[in-house]
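Participant: Here is a sequence together with a model predicted from it:
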Amino acid sequence: MKMTKQDLIYEVRDYFNITLGLMLYTLGFTVFLLPYEIVTGGIAGISAIVFYSTGFPVQYTFFIINAALIILALKTLGWKFLTKTIYATFMLTFMLELAQEIVVQPDGTFYKLLGEGNDFMSLVIGCIITGTALAVVFLNNGSTGGTDIVAAVVNKFHNISLGKALIMVDFCIIGSCLFIDSFGAIDLRFRKVVFGLCTMLIECLMLDYVMYWQRQSVQFMIFSKKYQEIAFAISRKTDHTLTILDGHGFWTGRPTKVLCLLAKKRESVQIFRIVKQIDPNAFVSQSSVIGVYGEGFDEMKVKVKEDEKI
């Protein structure tokens, strides 16, 4: 299918936002997690474990494992799924390389921004940043690779959700700290595992919060005599279509028209501004909706079995 100018703009915007997300992830991981030897899930977690155990650079382990997974997954998932993953892999490898040159001190140790003994505080700040960064990447149809690829392959052949597959893989990565002698005595290794589980929890909460906030939809019910002007203005300025409902005023006994509109929550201010400019006396009801599925909103991600088709 030939790419239109609008499609090209969307693609450029996606790659730009993915790059910003990767920069944010690099900041959180390199400045707040790596210096305090905090283990996370995913390929970043494996890379960190290898680095803490052998000193082998994080970015090289990250690149090697991702490259191998991408090659193995090409036949299963195809180029379309992996294009932005390949871009993210190269960019994140480069950014991690650059960031480590900045935060490593002359004696070869990492500079600890929050000072000694503030491991948990650094964990919280780092995971808030990395969780937000991952949400930015995912919201722009991107992926950082690694366990995302593993989960997608598992999901393709087995009836296991992506979320469950990711959790299973991450548990195995973090739990491996118990068997690595270089992390010290068993109590210190157990501490690493507990901290690792905390990173999973905080990252997931932040990821869900940002993605839900970005995708949250609202429903407007607009009562106004100037309903046609308002409908045209909203349709023109937001690219949303509206539904005109027939109403009947109980007190006045007169027929009225009601505009029904579904939009993203972030568009609320713009819609209120349009309504107020046209009819300051309009009556507007705004309510949150659990989900909106269809063109311009989220896709209905449910599996329909062959024997259940109507």
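Facilitator: Alright, I've got the coordinates.
Participant: I'd like to know how far residue 21 sits from residue 135.
Facilitator: Counting by CB to CB, to the nearest Å, the gap from residue 21 to residue 135 is 8 Å. All C-beta spots, glycine's among them, are computed from the backbone N, C-alpha and C.
Participant: quick one, which of those two is more surrounded?
Facilitator: Taking other CB atoms under 10 Å, residue 21 and residue 135 do not tie; residue 21 has more neighbours (25 against 22).
Participant: Report the secondary structure state of the residue of the chain positioned farthest from its centre.
Facilitator: Relative to the centre of the chain, the most outlying C-alpha is that of residue 253, 49.7 Å out, by CA atoms, centre = their mean. Classification of residue 253 by DSSP: H, G, I helix; E, B strand; the rest coil places it in coil.
Participant: who touches it in this structure?
Facilitator: When the contact criterion is CB atoms under 8 Å, 6 or more residues apart in numbering, residue 253 has no partners at all.
Participant: Distance of it relative to residue 41?
Facilitator: Here residue 253 is placed at a distance of 63 Å from residue 41 (CB to CB).
Participant: Residue 128 now?
Facilitator: 16 Å.
Participant: And the helices in this structure?
Facilitator: Assigned by DSSP state H, the helices in the chain fall at 5-27, 42-54, 58-103, 119-139, 147-157, 162-175, 186-215, 227-238, 268-278.
Participant: Residue 128 and residue 41: who's more crowded?
Facilitator: More crowded of residue 128 and residue 41, by other CB under 10 Å: residue 41, with 23 against 18.
Participant: What are the phi and psi values at the more buried one?
Facilitator: Residue 41 adopts backbone torsions of phi -80, psi -180, taken as degrees, to the nearest 10.
Participant: List the contacts of the closest residue to it other than its chain neighbours.
Facilitator: Distance criterion CB to CB, 6 or more residues apart in numbering; nearest residue to residue 41, sequence neighbours excluded, is residue 170 at 2.9 Å. Residue 170 is in contact with 41, 42, 45, 147, 200, counting by CB under 8 Å, 6+ apart.
Participant: Between these, which sits nearest residue 31?
Facilitator: Using CB to CB, residue 45 comes nearest to residue 31 of those, at 16.9 Å.
Participant: shouldn't that closest one be in contact with residue 196?
Facilitator: Yes. In terms of CB atoms under 8 Å, residue 45 counts as a neighbour of residue 196; the distance is 7.1 Å.
Participant: Now the common contact residues for those two.
Facilitator: Common contact partners of residue 45 and residue 196 (CB under 8 Å, 6+ apart): 39, 173, 174.
Participant: Tell me the one of the residues you listed nearest residue 28?
Facilitator: Using CB to CB, those come closest to residue 28 at residue 39, 14.4 Å.
Participant: Setting aside sequence neighbours, what's the nearest residue to that closest one?
Facilitator: residue 196 is the one closest to residue 39 (CB to CB, 6+ apart), at 4.3 Å.
Participant: residues of stretch 46-64 that come out buried?
Facilitator: Under the neighbour-count criterion of 16 or more other CB atoms under 10 Å, stretch 46-64 has 46-52, 57-59, 61-63 buried.
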